[in-house]
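[1] let me see the structure of the following:
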Amino acid sequence: MDKNNKKISLLKKCDLHCDNCTSIIDCTRCEQNYYFLEDAEKGKEKICYFKGNYTEKHYVNIREHMLKLCDENCNQCIENKFDCIVCKEGFYKKYKPIIEEEKNRCHDPNKNLDFFLNKVTNLLEKCDISCLTCDKNVKNCIKCNYNFFNKENNPDNINGCFNDTIIEEGFFLNDNKLFSKCNDMCSKCAIKSENCLGCNNKKDYFKYDHKKIKSSVNVTKINNMTYAEFSKLALFCVKKDEKISGIFFDKEKKEFNSCLEGCKFCENSEECKECDSENGFVYIKTKNWKEGDRNLFF
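    Purely as a prediction, here's the structure:
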């Protein structure tokens, strides 16, 4: 105190790297390359820290003049907490994320089960919509998504999952919830492989109407099926060049019809190529017979 009994105010120097302060531990503006620290110890929040000492797990926020923490999954970041340069071990960035701002964010693969780790790019890639989880590539499903199912006896050894659009490609969903291939004669089928909903015309299979063709009851087998078996089917498809005793394929009408009675093989309903000799039918020349004619008499 002076002789007038008044307190003397003393000017004290701010902390070494502080340009302006209200007390030695309460800086309001740091000098160049020094910033406040987001995770500073309690009581040291307004002390200035050199940014070179905090290159890991921190980034410089110019607006707040602070060394702020990177995201917990990131070891080194810039501009913002999710703009990661180096991910924490066991965490990875995503390939082409939907949100552009997340292109450098690091993710835990155990919390992103609909992604798989591409070990070439070291990025997490989104599984195909058909997969609930996948591995090695986007369509190699470990588990199928809802309303998607595996193929039975998949020849490609890829655990692909498929929805009901594959029915149009000649598959049906069996009792084991697997897509099975329809019989070749079917363009589409249901419940069983031979239960056709349409004939496979692309492979020359056409409808065989056993109700219309009365002689079908005498046929031994067609497509390795007996009359008792194929007559139970709602739709039975047969290859047009199938040799069936007493039956021919009408190329114009695209349907099967009966040959003349007593004819084993024919190309139309008027001319026989081979008689049913096993049942006593033979060729006989008639009065107006000429070379090439085929008339039948028992």
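[2] every contact and neighbour count from this point should use C-alpha atoms.
    Noted.
[3] quick one: the most centrally placed residue in the chain and Leu197, what's the gap?
    Relative to the mean C-alpha position of the chain, the nearest C-alpha, by C-alpha atoms, centre = their mean, is the one of Ser130, at 3.7 Å. Noted for Ser130: a distance of 26 Å to Leu197, by C-alpha to C-alpha, to the nearest Å.
[4] try Lys264
    For Lys264, the distance to Leu197 (C-alpha to C-alpha) stands at 30 Å.
[5] compare those two (neighbour count), which wins?
    The residue with more neighbours, out of Lys264 and Leu197, is Lys264; 23 against 16, by other C-alpha atoms under 10 Å.
[6] part of a helix, is that one?
    No - with DSSP: H, G, I helix; E, B strand; the rest coil as the criterion, Lys264 is strand rather than part of a helix.
[7] switch to numbering from 16
    OK, 16 is where the count begins now, so the last one is Lys279.
[8] ok, it - contacts?
    By C-alpha atoms under 8 Å, 6 or more residues apart in numbering, the residues touching Lys279 are Ser260, Gly261, Ile262, Cys287, Lys288, Glu289, Cys290, Asp291.
[9] name the nearest residue to the first one, sequence neighbours excluded.
    Just to be clear, that refers to Ser260. Nearest-residue entry for Ser260: Lys279, 4.9 Å, with adjacent residues in sequence omitted and distances by C-alpha to C-alpha, 6 or more residues apart in numbering.
[10] next one: the fourth one
    Computed as C-alpha to C-alpha, 6+ apart, the closest residue to Cys287 that is not its neighbour in sequence is Cys281, at 4.6 Å.
[11] pretty sure that neighbour is touching Asp265, no?
    No - using C-alpha atoms under 8 Å, Cys281 and Asp265 do not qualify as a contacting pair, with a distance of 10.3 Å.
[12] quick one: which of those two has more around it?
    Neighbours per residue (other C-alpha under 10 Å) separate Cys281 from Asp265, with Cys281 holding more: 22 against 15.
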